[in-house]
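sharing a sequence plus its predicted fold:
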Amino acid sequence: MVESLEGISSIIVRYTELETKVLIRKSNLTNQLSASLVKLYTSTLQFLVHASRYYGKSTLSEKHHLRMTTSRC
């Protein structure tokens, strides 16, 4: 999962440069490229949401440990 997050960072940087250099032109091809980038960014955001949820979840043992720690106080 961490490797995927690094890959996403690389993609974002690469395509940000592409947007600033290529998408300033108006043509059918740049319109198609723009639409494809929107799909890519949508998928990227969905992946990041899933990754955030995955990493945000505690395991059962962590919850048990937290419960035991707080009950001693």
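Done, it's in. Residues are numbered from 1 along each chain as shown.

which residue is nearest the centroid of the protein?
Centroid check for the chain by Cα atoms, centre = their mean gives Leu48 as the closest residue, at 3.0 Å.

how about that one: what's its closest non-neighbour residue?
Using Cβ to Cβ, 6 or more residues apart in numbering and skipping the chain neighbours, the partner closest in space to Leu48 is Ile8 (7.0 Å). All C-beta spots, glycine's among them, are computed from the backbone N, C-alpha and C.

now do the contacts for that neighbour.
Thr44, Phe47, Leu48 (Cβ atoms under 8 Å, 6 or more residues apart in numbering).

which one of those is nearest Ser36?
Thr44 (12.5 Å; Cβ to Cβ).

my guess is that closest one contacts Ile11. True?
Yes. Shown here, Thr44 and Ile11 form a contact pair, counting by Cβ atoms under 8 Å, at 6.9 Å.

SS state for the residue nearest to the centre of the chain?
helix (DSSP: H, G, I helix; E, B strand; the rest coil).

mind checking pLDDT for it?
Looking at Leu48, its pLDDT is 85.

again, but for Ser34
We have a pLDDT of 88 for Ser34.

what's the burial count for it?
12 (other Cβ atoms under 10 Å).

so what's it closest to, chain neighbours aside?
Leu23 (5.7 Å).

quickly note the distance from that neighbour to Glu17.
11 Å (Cβ to Cβ, to the nearest Å).

neighbour-wise, which of the two wins?
Ranked by neighbour count (other Cβ under 10 Å), Leu23 and Glu17 place Leu23 first, with 15 against 10.

so what's the more buried one up against?
By Cβ under 8 Å, 6+ apart, Leu23 lies in contact with Thr30, Leu33, Ser34, Leu37.
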